[in-house]
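Participant: Make a model of this:
(one chain, ligands or ions: 1)
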Amino acid sequence: MKVNNCRALSVALAIAILSSAGLAISRAADEAPLNIICFGAHPDDCELQAGGVAALWAAKGHKVKFVSTTNGDIGHWREAGGPLARRRKAEVGAVAKALGITSEVLDIHDGELLPTLDNRRTIARLIREWNADIVMSHRPNDYHPDHRYTGVLVQDVAYMVAVPFFAPDTPPLKKNPVFLFYPDSFQKPTPFKPDIAVAIDSVMDKKLDALALIESQFYEGGALGSADLISTDPAKIEERRKLVRAGLSGRNRGNSQKFRDVLTEWYGKEQADKVQYTEAFEICEYGRKPSKEDIKRLFPFFPE
Ligand SMILES: [Zn+2]
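Facilitator: Residues are numbered from 1 along each chain as shown. The predicted structure follows:
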């Protein structure tokens, strides 16, 4: 009897320990870092579209990964092929280091990405392996075929990532992530319509310093650049660097003007009016539909 009592006590104790452990686990899960994965067609697209918000997330201990769906091997006026792919991978690797995030470049030729079943599986696996809360990409009606097909591929998995027997070699996500699109200026069939606008003023210098590391695309002009952009004269080099920096910051300044009403929705008028630099995102209808509270949890940058 005594022994039994003792056993009963042990069981009760074990249950108490287990439930308190369970509580600890669920509390830890609530506080677990967010996992964000961003897809861009080329090694510079994620960096341009989400470099600011990535720096904000990283500073708060969240995990961000940028994936380029092609290797960028025709993205230069003077060089191409393997050496350019290696150069561009190193550039975005350096940006990732500067922003405190991770980057990966898929070894698919630039200008040749197709929405194949194999590529759909690859994208689904990447999202699952990152255990993503948020997935970002281009919209499927962007100017460049690689941008469009990146958008199509990401849109095509914005449900399949939770389906256990699609690409069953990777465990499915238990919760469908929120899928978001980057801004573009294309009007047909529908223009970009932002749902979320993030002020990136506090990290704009960091973003611009990081983007300056992508010399092949910005300083040297990428696929449509020319030898005229490059000089050996230090004064001209400095002038070109300033011009590039101004051009890049202009994109995010333009977003603030275009999307001031969305900024106001998230920051209130007084704060929104002061925002200089913005990154904005549209919610894809096919992923999880977040509530306003969900968005505040996923983007922990807005005032209460
Ligand atoms: Zn691109």
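
Participant: switch to C-alpha atoms for all contacts and neighbour counts from now on
Facilitator: OK.

Participant: got any ranges where this structure has weak pLDDT?
Facilitator: 1-30 (pLDDT under 70).

Participant: Report the beta-bridge partners for the residue nearest the centre of the chain.
Facilitator: In the chain, the residue lying closest to the centroid (CA atoms, centre = their mean) is C38, at 2.9 Å. Partner residues in beta bridges with C38, using DSSP bridges, are F66, M136.

Participant: what ranges do the helices span in the stretch 101-250 of the chain?
Facilitator: 117-129, 145-156, 204-211, 234-258 (DSSP state H, counting those that start in this stretch).

Participant: how about the CA coordinates for the shortest one, as PDB?
Facilitator: Listed next in PDB are the C-alpha coordinates belonging to helix 204-211 (Å, rounded to 0.1, in the frame of the first residue of the first chain):
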ATOM      1  CA  MET A 204      18.400  52.300 -44.600                       C
ATOM      2  CA  ASP A 205      22.100  53.000 -44.300                       C
ATOM      3  CA  LYS A 206      22.700  49.400 -43.500                       C
ATOM      4  CA  LYS A 207      20.700  48.300 -46.500                       C
ATOM      5  CA  LEU A 208      22.500  50.700 -48.800                       C
ATOM      6  CA  ASP A 209      25.900  49.700 -47.500                       C
ATOM      7  CA  ALA A 210      24.900  46.000 -48.200                       C
ATOM      8  CA  LEU A 211      23.600  46.700 -51.600                       C
END
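
Participant: So which elements touch it?
Facilitator: helix 45-59, helix 82-99, helix 234-258 (3 or more CA pairs under 8 Å, 6 or more residues apart in numbering; DSSP states H and E).

Participant: Could you single out the most deeply buried of the helices of the stretch 101-250 of the chain?
Facilitator: helix 145-156 (a mean of 23; mean count of other CA atoms under 10 Å).

Participant: Pull the residues that contact that one.
Facilitator: Applying CA atoms under 8 Å, 6 or more residues apart in numbering, the contact partners of helix 145-156 are 39-42, 69-70, 110-115, 119-120, 123-124, 137-142, 284, 286.

Participant: All set now, cheers.
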